[in-house]
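Peer 1: structure, please.
(2 chains, ligands or ions: 1)
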Amino acid sequence: MTRTIVIDPVTRIEGHAKISLHLDAEGRLQDARFHVVEYRGFEKFCEGHPFTEMAGITARICGICPVSHLLAAARTGDKLLAVQIPPAADKLRRLLNLAQLTQSHALSFFHLSSPDFLLGWECDPARRNVFGLMAADPDLARAGIRLRQFGQQILELLGGRKIHAAWAVPGGVRTSLSAEAKVWILERLPEARATITQALSLYKRLLDGPLQREQRVFGDFPSLFLGLVSREGRWEHLDGVLRIRAADGTIVADGLCEDDYASFLAEAVEPWSYLKFPYYRPLGYPEGMYRVGPLARLNVCDGIGTPWADAELAELRARSGTTDSGGHIVTSSFAYHHARLVEIVACLEAIELLVNDAELMDRHTRSRAGLNRLEAVGVSEAPRGTLFHHYRVNEQGLIERVNLIIATGQNNLAMNRTVLQIAREFIADPVAPDQEIPEPLLNRVEAGIRCFDPCLSCSTHAAGQMPLRLQLLAVDGTVLAERSRP
Amino acid sequence: MRPRAGPPLPDAGAQLRRLRFATVWLAGCSGCHMSFLDLDEFLFDLADRVDIVYSPVASDIKVYPDGVDICLVEGAVANADNLELAFAVRARTALVVSFGDCAVTANVPGLRNLCGGPGHSSGEAVLRRGYVELADTHPGIPRAPGIVPELLERVLPLHEVIPVDLYLPGCPPSADRIRAALLPLLDGQRPRMDGPAMLRFG
Ligand code: SF4
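Peer 2: Below you'll find the predicted structure:
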């Protein structure tokens, strides 16, 4: 008789998910699947609201990265107004996003994932968590908690509250940074630096020793990678162009604009998950699998542009880059953990530069205009990857259609591939019908998901989609046939 | 159902032992849990007083345990899994806190209730849009019995499904508010829930 083992719920991730392992009659592993089991339907119920409310509503998609939605909504709003935002507003938004990347990555590393490798896979599941870490290594746990707090506090200094501040608006931001806030940030930076230095050396030590097997089998496979880069090809998190790179390092597409996302991204549905499966349209489904997020951002960029972060990036590539790509591309999903730490370094360096930038303190932070366009797409790099907001509004500025392409969803194919690879490695022998799979092995399968730090609150809201136009082109580019979906 | 009138606090004996503390999330955005983690170093004080016996962010225990003293419940009740977990929480917990606006009023997830109509489930309406009309490949509403839970017709606040003992509003409640509510609870007292600092929504 075939057997299905369900891990329910997957814990220490953000949101509701299950994993199922499918065994055949002989007890051999046939398949493993990652299921997302929640759905709220945002795009549908946003209709009819003024586009200026979108930041406030869509922030409630996710309490971990509300800032990403806030920024994507504000940037879509900028385009609807067709305004250039003031330079100070641009810098303040960047500061906001850097703070959010820092807090979210700290949460993923210290609170959620590190118990697996610091306390051990075999550790009692009742203790294998942030409270267990607080008991086992209070200094490290406190440092991690305070690193997250550093990011959260900057969000509060800017927006007035830590979670769901409606501070970025179409045209800019509501308020500027106070002189005291600037002092606070500069005073706390050295501590944040020390914490990340400690975390990096700890992590590299583990990577040299006990984590080698994880690095090898936790989702190591070729795929495409997608992320924003600056116009010069450097690491970018807010305002840039999209680049897609293959596992061998080739740039598959570059300088893409978010406005055209529907021409290169598409989504599939599977009956066993509320999370859709985005893919790179030219390669089709499921061959068009791509990954987004910290590792993808580091893979697509040429460099970061600040000294310490560039040194850490070089070390990440030297340690984990594939020979195929001349050491440039890291394909193991386990390396997302390392990539997050490198990105925190990049964020801390960028935060320091920004708060010392006189232009940041300029009092003019908002451009005002009426509605000038009826449709726009905005993008931001969320902690978990590229986030797209696409709105169409009527003449009164009320939302007619919304589409959101959420970071985590874009890793869905890769997350499924990862759990299967881990399950194959750790459940290699047939399982007898009356035999249980030991908990630490199941935990490893779950930990494959934790590499991606998925945010499932976010990811199942891609309910609406803009009207689609399909064109069949001849080799010379002439349109042979055209169909559109209303 | 009405919230319970009395103060069903953990029994007196509970004050002599470590409290069994849990958090769960139903249909929410995890923001209330993030605000709980914003307790930051107060989490150390909390850890001195309680055992975290179930929590999606801070425990790998998969089955909601018996004999829980206090549970914070984030989120509205939107699908069959939410419902089942809410019942389990009520049956096994002395003091259930409706934690955040989604639990208290259904809040943002409840907006989908506007999408249904007489005889039409709002769940079907949003699902149809998402997975049938708007998919590029394999359109169809996900259904996998035992795995993918069915959406309820309407999204409900927690107290419409189980009696709750305390309301802690906010979207999310700030860490200060959470601490102000927890401190008395840990001493077996009911927190004073009045004034904008404790009661303001949003
Ligand atoms: S009350 Fe607000 S913060 Fe809490 S889960 Fe609901 S939307 Fe998120």
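
Peer 1: what is the burial count for residue A:277?
Peer 2: A count of nearby residues for residue A:277, using other CB atoms under 10 Å in any protein chain shown, gives 23. Just so you know, the C-beta spots here come from the backbone N, C-alpha and C atoms, and that holds for glycine as well.

Peer 1: hang on, isn't it packed against residue A:288?
Peer 2: No - counting by CB atoms under 8 Å, residue A:277 does not reach residue A:288; the two are 9.6 Å apart.

Peer 1: for the stretch 301-450 of chain A, what lies in contact range of chain B?
Peer 2: The stretch 301-450 of chain A has residues residue A:443 near chain B, with proximity defined as CB under 8 Å from any CB of the partner chain.

Peer 1: residue contacts, residue 133?
Peer 2: I'll assume chain A. A:110, A:114, A:115, A:118, A:119, A:140, A:141, A:144 (CB atoms under 8 Å, 6 or more residues apart in numbering or on different chains).

Peer 1: meant chain B actually
Peer 2: Residue B:133 touches residue B:139, counting by CB under 8 Å, 6+ apart.

Peer 1: ok, it to the ligand distance?
Peer 2: 26 Å (CB to the nearest ligand atom, to the nearest Å).

Peer 1: now swap in residue A:320 and tell me
Peer 2: For residue A:320, the distance to the ligand - CB to the nearest ligand atom - is 36 Å.

Peer 1: hang on, that residue packs against residue A:338?
Peer 2: Yes - taking CB under 8 Å as the definition, residue A:320 is a contact partner of residue A:338 at 7.1 Å.

Peer 1: any low-confidence regions in chain A?
Peer 2: A:457-486 (pLDDT under 70).

Peer 1: strands of chain B, start to end?
Peer 2: B:19-25, B:50-54, B:68-74, B:77-79, B:93-99, B:151-156, B:166-168 (DSSP state E).

Peer 1: still on that earlier bit, among the contacts of residue A:133, which two are most distant?
Peer 2: Across the contacts of residue A:133, no pair lies farther apart than A:119 and A:144, at 13.5 Å, counting by CB to CB.

Peer 1: out of those two, which sits in the more crowded spot?
Peer 2: More neighbours surround residue A:144 than the other of residue A:119 and residue A:144, with 24 against 18 (other CB under 10 Å).

Peer 1: contacts only, for the more buried one.
Peer 2: Residue A:144 neighbours (CB under 8 Å, 6+ apart): A:106, A:109, A:110, A:111, A:114, A:133, A:195, A:199.

Peer 1: any idea how far the residue nearest to the spatial centre of chain A is from residue B:200?
Peer 2: Centroid-nearest residue in chain A: residue A:384, 0.7 Å away (criterion: CA atoms, centre = their mean). Computed as CB to CB, to the nearest Å, the residue A:384 to residue B:200 distance reads 31 Å.

Peer 1: got any ranges where chain B has weak pLDDT?
Peer 2: For chain B, the stretches flagged by pLDDT under 70 are B:1-16, B:119, B:134-135.

Peer 1: for the closest residue to residue A:222 other than its chain neighbours, what is the enclosing helix or strand?
Peer 2: Distances taken as CB to CB, 6 or more residues apart in numbering or on different chains place residue A:247 nearest to residue A:222, at 3.4 Å, with adjacent residues excluded. Using DSSP states H and E, residue A:247 falls within no helix or strand.

Peer 1: can you report how many residues lie near residue A:247?
Peer 2: Count around residue A:247 with other CB under 10 Å applied: 18.

Peer 1: these two touch, right, it and residue A:290?
Peer 2: No - Residue A:247 lies out of contact with residue A:290 (CB under 8 Å); the separation is 10.3 Å.

Peer 1: if I look at the two, which residues touch both of them?
Peer 2: A:223, A:224, A:225.

Peer 1: what about the closest residue to the first one other than its chain neighbours, distance to residue A:261?
Peer 2: Meaning residue A:223. Of all residues not flanking residue A:223 in the chain, residue A:289 sits nearest, at 4.9 Å (CB to CB, 6+ apart). Noted for residue A:289: a distance of 17 Å to residue A:261, by CB to CB.

Peer 1: what segments of chain B are helices?
Peer 2: B:31-37, B:42-49, B:80-92, B:101-105, B:122-127, B:175-186, B:196-199 (DSSP state H).

Peer 1: what's the first one in contact with?
Peer 2: It refers to helix B:31-37. Applying CB under 8 Å, 6+ apart, the set of residues contacting helix B:31-37 is A:60, A:62-64, A:66, A:107, A:111, A:148, A:162-164, B:23, B:25, B:43, B:56-57, B:72, B:74-75, B:99-100, B:102-103, B:170-175, B:178.

Peer 1: ok, and of those, which contact the ligand?
Peer 2: Among these, the ones lying near the ligand by CB under 6 Å from any ligand atom are A:60, A:63, B:74, B:75, B:100, B:102, B:171, B:172.

Peer 1: how many other residues sit next to the third one?
Peer 2: Around residue B:74 there are 31 other residues, counting by other CB under 10 Å.

Peer 1: for residue A:286, see how far away it is.
Peer 2: Taken as CB to CB, the span from residue B:74 to residue A:286 is 34 Å.

Peer 1: ok, now the fourth one?
Peer 2: Residue B:75 sits 32 Å away from residue A:286, going by CB to CB.

Peer 1: neighbour-wise, which of the two wins?
Peer 2: residue B:75 (34 against 15).

Peer 1: enumerate every residue touching that one.
Peer 2: B:25, B:26, B:27, B:28, B:32, B:82, B:100, B:102, B:103, B:109.

Peer 1: out of the residues you listed, which comes closest to chain A?
Peer 2: residue B:109 (5.1 Å; CB to the nearest CB).

Peer 1: just checking, the closest one touches residue B:78?
Peer 2: Yes - assessed by CB under 8 Å, residue B:109 is found in contact with residue B:78 at 5.6 Å.

Peer 1: hmm, back to that, any chance of the contacts of residue B:75 in JSON lines, plus distance to residue A:453?
Peer 2: JSON lines is the format used below for these (distance: CB to CB, whole Å):
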{"residue": "B:25", "distance to residue A:453": "17"}
{"residue": "B:26", "distance to residue A:453": "22"}
{"residue": "B:27", "distance to residue A:453": "21"}
{"residue": "B:28", "distance to residue A:453": "18"}
{"residue": "B:32", "distance to residue A:453": "19"}
{"residue": "B:82", "distance to residue A:453": "23"}
{"residue": "B:100", "distance to residue A:453": "22"}
{"residue": "B:102", "distance to residue A:453": "23"}
{"residue": "B:103", "distance to residue A:453": "25"}
{"residue": "B:109", "distance to residue A:453": "23"}
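
Peer 1: many thanks, I have nothing further to ask.
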